[in-house]
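Chemist: Okay, predicted coordinates and the sequence, questions at the end:
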Number of protein chains: 2
Amino acid sequence: MVSATLTKFSDLDGQAPFNGCQENFKQPDGIGKNTGRKQRLSAHDVLFYEGDKAERLYEVLRGVMMLYKLLPDGRRQVVYILREGDMLGFSNREFFDCTAEALTEVELQVFESREISTSPMMQHYVNRCLLSQMETLHEHTVLLGRKSALERVSTFLMSLVPNRGGHGCSGPIEEGKPDTKTVALSMTRQEIADYLGLTIETVSRVISQLKRRGLIKVEKQDSIHITNICGICQLTGMH
Amino acid sequence: MVSATLTKFSDLDGQAPFNGCQENFKQPDGIGKNTGRKQRLSAHDVLFYEGDKAERLYEVLRGVMMLYKLLPDGRRQVVYILREGDMLGFSNREFFDCTAEALTEVELQVFESREISTSPMMQHYVNRCLLSQMETLHEHTVLLGRKSALERVSTFLMSLVPNRGGHGCSGPIEEGKPDTKTVALSMTRQEIADYLGLTIETVSRVISQLKRRGLIKVEKQDSIHITNICGICQLTGMH
DNA sequence: AAAGTAATTTGATCTGGAACAAACGTTTTT
DNA sequence: AAAAACGTTTGTTCCAGATCAAATTACTTT
């Protein structure tokens, strides 16, 4: 059994003791853009398109990415947001079912698919990763299927507060600690709208409403200071 | 590498050649309701609740189940429909994130979690299973976030037509073969509504509309004869 | 088969969020 | 620094789907 505390896939290489792992994973980076094992992306670069051949896995070392799907008429749904430590590039079939695009500058660790399938340890790690993503997707399904616009945006904001994302804000806050946090959205209003199943206008209106209610302050367009985390939390529909 | 054509987890036991598998999986059933390795459920029986301790995996051998989540005020979202060959009971944490309920009579194969984690072959199978569920969830995310009621119900009906569920109905149909199929919903209107993020009334109205348009015939409440599969397919928003 | 119960359909009205439109900020280009 | 381009906010109108309310149909039970 792999330790439950592992949080980085790329840390596995040094220790993977059994089977597979014919190659050494960590390599010096720098040979151009895709240096064999590391890759850099600028904001809005596409890593792969839906329908592309799936032959590599990636781990986000730095930055934020999104997975999305398009309908033929151009409607878009962002299905997942990937942050540091998250993996992407899994596929059931030969081809990707989503497009992967960078939201910010991104640094990736690159793995060939066969590197994974020959190492039980890595497979186990991938498994945990999939399970965690599945749980997030279940939560998001509830958001899209059953929550109001106010609840959606509040849930989204809470997901950006470390350690409060999932089922945070249970009960009153520790004495002395201010119930306050500045979060980076790393997404435009359009991207947030496409993630939350809303329009850009509705996202903007809800943010304005939260501002008016004194729960948040918009510092820069993509940086929000939450002045009352618990207050936002009460609006997520989960309490 | 495990053969890509495996479709049943419970078939693995006979062949699993390496490691783990200290026990023989298939056992005679019949000792009461939960016979160690098999389990039967009646329609609307709950297999496990959200928050229950997660220590077993299940494979659906017969029947249909659903996974759902509830909000504190009673709103429900069905997040996944499980059919023959599907697995459930995965969990990232110690506890289940969803409730699992039978929609019809169900027969399950039961596995202890540690049986899985000690067999790389089974882990690999579980992995494929997770990836397939992930892909379905991505599709469903698009449905919930971006599709109209008509598109949602049409997509749902198409998912019940074997081999046409995902990206079916590409181009014209083979000569001679009638573009027709009777499908069992195995769900009430309320369950369908909670799956599609709609109300019971909207689901009913869309079904009536499809009936009026001559695309389907409602044979029994939960049995629908699709008289023009291609016609329904055109309404899914994916063509 | 009749009575009772539950699920579904249909009708009428209401409303949250979409769509359209314009004004306002912010960043980039020249 | 002015102009252009882009993203965001705010205002107005509209409509798809929710909500509320019966009526109808399908199952159970007796």
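Modeler: All right, it came through fine.
Chemist: what residues are up against the residue positioned nearest the centre of chain A?
Modeler: The centroid of chain A falls nearest to A:Leu82 when counting by CA atoms, centre = their mean (2.3 Å). Going by CB atoms under 8 Å, 6 or more residues apart in numbering or on different chains, A:Leu82 touches A:Val60, A:Val64, A:Met65, A:Met66, A:Leu67, A:Leu88, A:Ala100. C-betas here are computed from N, CA, C, even on glycine.
Chemist: Next secondary structure element downstream of the helix or strand of chain A with the lowest mean pLDDT?
Modeler: In chain A, the helix or strand scored least confidently by mean pLDDT, DSSP states H and E is helix A:12-15, which has a mean of 46. Note on helix A:12-15: by DSSP states H and E, the next helix or strand toward the C-terminus is strand A:38-41.
Chemist: could you point out which element follows that following strand?
Modeler: Assigned by DSSP H and E, the successor of strand A:38-41 is strand A:46-48.
Chemist: what's that next one in contact with?
Modeler: A:39, A:41, A:54, A:58, A:65, A:88-89, A:96, A:99-102, A:108.
Chemist: any idea how far the spatially closest residue to A:Thr180 that is not a sequence neighbour is from A:Gln39?
Modeler: Take A:Thr180 and drop its neighbours on the chain: the residue closest to it by CB to CB, 6 or more residues apart in numbering or on different chains is A:Thr227, 5.8 Å away. Counting by CB to CB, to the nearest Å, the separation of A:Thr227 from A:Gln39 is 38 Å.
Chemist: Kindly report the same for A:Asn228.
Modeler: Distance from A:Asn228 to A:Gln39, by CB to CB: 40 Å.
Chemist: Which strands border the helix or strand containing A:Lys217, and is each parallel or antiparallel?
Modeler: A:Lys217 is part of strand A:216-220 when elements are defined by DSSP H and E. Sheet pairing here is set by DSSP bridges, and for strand A:216-220 it gives strand A:223-226 (antiparallel).
Chemist: List the buried residues for the longest helix anywhere in chain A?
Modeler: When chain A is parsed with DSSP state H, its longest helix is helix A:120-146. In terms of neighbour count (16 or more other CB atoms under 10 Å in any protein chain shown), helix A:120-146 has its buried residues at A:120-131, A:133-146.
Chemist: by how many degrees do that helix and helix B:120-146 diverge?
Modeler: Going by axes from the mean of the first three to the mean of the last three CA atoms, to 10 degrees, helix A:120-146 is angled at 20 degrees with respect to helix B:120-146.
Chemist: and helix A:120-146, what other elements does it pack with?
Modeler: Packing partners of helix A:120-146 (3 or more CB pairs under 8 Å, 6 or more residues apart in numbering or on different chains; DSSP states H and E): helix A:12-15, strand A:76-82, helix A:113-117, helix A:149-159, strand B:65-70, strand B:76-82, helix B:120-146.
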